[in-house]
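*Asks:* need a structure here:
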Amino acid sequence: MPLPLAFIGLGAGSAALGVGKTIKAAIDQKDANDVQQKAQVIVNRSTDVINVNRKLCGEALTHLGEQKIDTLESEIKPFIAAFEKLHNVELVDSVGMDELQSFVIDAKGMDELKAMQSTATSLLGGMASGVTVGAVTAFGAYSAAMVFGTASTGTAIATLSGAAATNATLAFFGGGSLAVGGLGMAGGTAVLGGLVAGPALAIMGFVVGGKASANKDQAYSNLVQANEYKEEMQAAIVACNGIRRRADMFTRLLLRLGVYFEPLVYQLEKIIETRGTDYSTFSAEEKKVVAAAMATAGAIKAVLDTPILTEEGDLTQDSQEIVNKIAGLLKKHGKI
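*Replies:* Numbers count the residues shown, from 1 in each chain. Below you'll find the model as predicted:
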């Protein structure tokens, strides 16, 4: 018996509607895949770039830490050995780098410098065995007093070794262990790279069929999150570059001070060798050498005492000011 025309028409309409839905689902799925791929590319590229910049930032801080240790070992150590032989030291105004005299080190500063130098010797031994890399990097970012203080466990970071040193340093960068309310190792890793926590970007797999349209919406949502992630990584890159440049400035400053300081220490040693250890018997020129050496040692200590980063991972204003002040004095007096 022939089907009524109404039923035939209804069947044809349903078939057409089904085909239409299938085609739309396929189009939506393709759009979703394209958008999802774009989001993934953005995430991958942003991650690659920030990882490179984090690495360069960390290397600059480590290099500065190594330079600080070298300065303490190769320059401060012989200065202390020579200076401690002197008696009756009473400084008076001397001709020369008058402004630098404001850095002349006192007895308390000398004791602190000796403590730094002693710890630097320990760190140097650890560097040879590769067990204090974390502490060296922290020394580059922070002042000697901060790094040679204590980790969140109450143990001096510089006395730790291996994984313990790395973990303590990362926790230190994060403002302490989680147990004491800090950000812990994860936070430290973020701060070390100048990286703030980004959005959690979960790239979800797609399903087919009737949920294709929903997947398309999810893909566009992921694209929005990918662009947010990209913006945060760009801000982190700026932070990384700022830290790296400041670390390089400190490294160059210590090198410049070293070029000026080493001849002074050599002259001081020769004065003691030929004139003895009684400062009161030195000539005006010889006293000038002593004063200049003490002032330069104080300037070096000022650099070692000045952190590049706050505990939150921000650049410090003091670090820029100390670079400007000392570099300006060296330039003014033609000391390279």
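*Asks:* The helix or strand hosting Thr62: what's the following helix or strand?
*Replies:* Assigned by DSSP states H and E, Thr62 belongs to helix 5-71. Heading C-terminal from helix 5-71, the first helix or strand you meet, by DSSP H and E, is helix 77-83.
*Asks:* for the record, mean pLDDT for the next helix or strand after that following helix?
*Replies:* Scanning the chain past helix 77-83 towards its C-terminal end, the next helix or strand to appear is helix 107-129 (assignment: DSSP H and E). When the per-residue pLDDT values of helix 107-129 are averaged, the result is 77.
*Asks:* mean confidence score for the helix or strand that helix 107-129 is followed by?
*Replies:* On the C-terminal side of helix 107-129, the closest following helix or strand by DSSP H and E is helix 133-141. Taken as a whole, helix 133-141 has a mean pLDDT of 74.
*Asks:* Then stretch 258-265?
*Replies:* For stretch 258-265, mean pLDDT is 93.
*Asks:* where in the stretch 201-336 of the chain is pLDDT low?
*Replies:* Of all residues in the stretch 201-336 of the chain, those with pLDDT under 70 make up the ranges 201-214, 311-313, 333-336.
*Asks:* Please repeat the previous calculation with a cut-off of 80.
*Replies:* 201-216, 232-233, 235-236, 239, 309-314, 331-336 (pLDDT under 80).
*Asks:* Please enumerate the helices of it.
*Replies:* Assignment of helices within the stretch 201-336 of the chain using DSSP state H, counting those that start in this stretch yields the ranges 212-275, 284-305, 317-332.
*Asks:* would you list these in TSV and tack on mean neighbour count and distance to Asp48?
*Replies:* Any C-beta I mention is one placed from the backbone N, CA and C, and that applies to glycine too. Listed next are the helices of the stretch 201-336 of the chain as TSV, based on neighbours: other C-beta atoms under 10 Å; distance: least, C-beta to C-beta, whole Å:
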stretch	mean neighbour count	distance to Asp48
helix 212-275	18	10
helix 284-305	21	34
helix 317-332	15	29
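*Asks:* Enumerate every residue touching Met249.
*Replies:* For Met249, the contact set (C-beta atoms under 8 Å, 6 or more residues apart in numbering) comprises Val323.
*Asks:* Tell me, how many residues neighbour Arg45?
*Replies:* Look at Arg45: counted by other C-beta atoms under 10 Å, it has 13 neighbours.
*Asks:* Redo the helices of the stretch 201-336 of the chain as a markdown table? Include distance to Asp111.
*Replies:* Formatted as a markdown table, the helices of the stretch 201-336 of the chain follow (distance: least, C-beta to C-beta, whole Å):
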| stretch | distance to Asp111 |
| --- | --- |
| helix 212-275 | 19 |
| helix 284-305 | 11 |
| helix 317-332 | 21 |
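*Asks:* between those, which one is nearest to Ile80?
*Replies:* In this view, the helices of the stretch 201-336 of the chain are compared for proximity to Ile80 by C-beta to C-beta, and helix 284-305 is the closest at 8.3 Å.
*Asks:* Extract the C-alpha set from the closest one and format it as PDB.
*Replies:* Below are the C-alpha coordinates for helix 284-305, written out as PDB (Å, rounded to 0.1, in the frame of the first residue of the first chain):
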ATOM      1  CA  ALA A 284     102.000  60.100  53.100                       C
ATOM      2  CA  GLU A 285     102.000  58.200  49.800                       C
ATOM      3  CA  GLU A 286     102.100  54.900  51.600                       C
ATOM      4  CA  LYS A 287      99.200  55.900  53.800                       C
ATOM      5  CA  LYS A 288      97.300  56.900  50.700                       C
ATOM      6  CA  VAL A 289      97.700  53.400  49.400                       C
ATOM      7  CA  VAL A 290      96.300  51.900  52.600                       C
ATOM      8  CA  ALA A 291      93.400  54.300  52.600                       C
ATOM      9  CA  ALA A 292      92.600  53.600  48.900                       C
ATOM     10  CA  ALA A 293      92.800  49.800  49.500                       C
ATOM     11  CA  MET A 294      90.400  50.100  52.500                       C
ATOM     12  CA  ALA A 295      88.000  52.300  50.500                       C
ATOM     13  CA  THR A 296      88.000  49.900  47.500                       C
ATOM     14  CA  ALA A 297      87.500  46.900  49.900                       C
ATOM     15  CA  GLY A 298      84.500  48.800  51.300                       C
ATOM     16  CA  ALA A 299      83.100  49.500  47.800                       C
ATOM     17  CA  ILE A 300      83.400  45.800  47.000                       C
ATOM     18  CA  LYS A 301      81.700  44.900  50.200                       C
ATOM     19  CA  ALA A 302      78.900  47.300  49.300                       C
ATOM     20  CA  VAL A 303      78.300  45.400  46.100                       C
ATOM     21  CA  LEU A 304      78.300  42.100  47.900                       C
ATOM     22  CA  ASP A 305      75.900  43.500  50.500                       C
END
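*Asks:* Before I go, just wanted to say thanks for your time.
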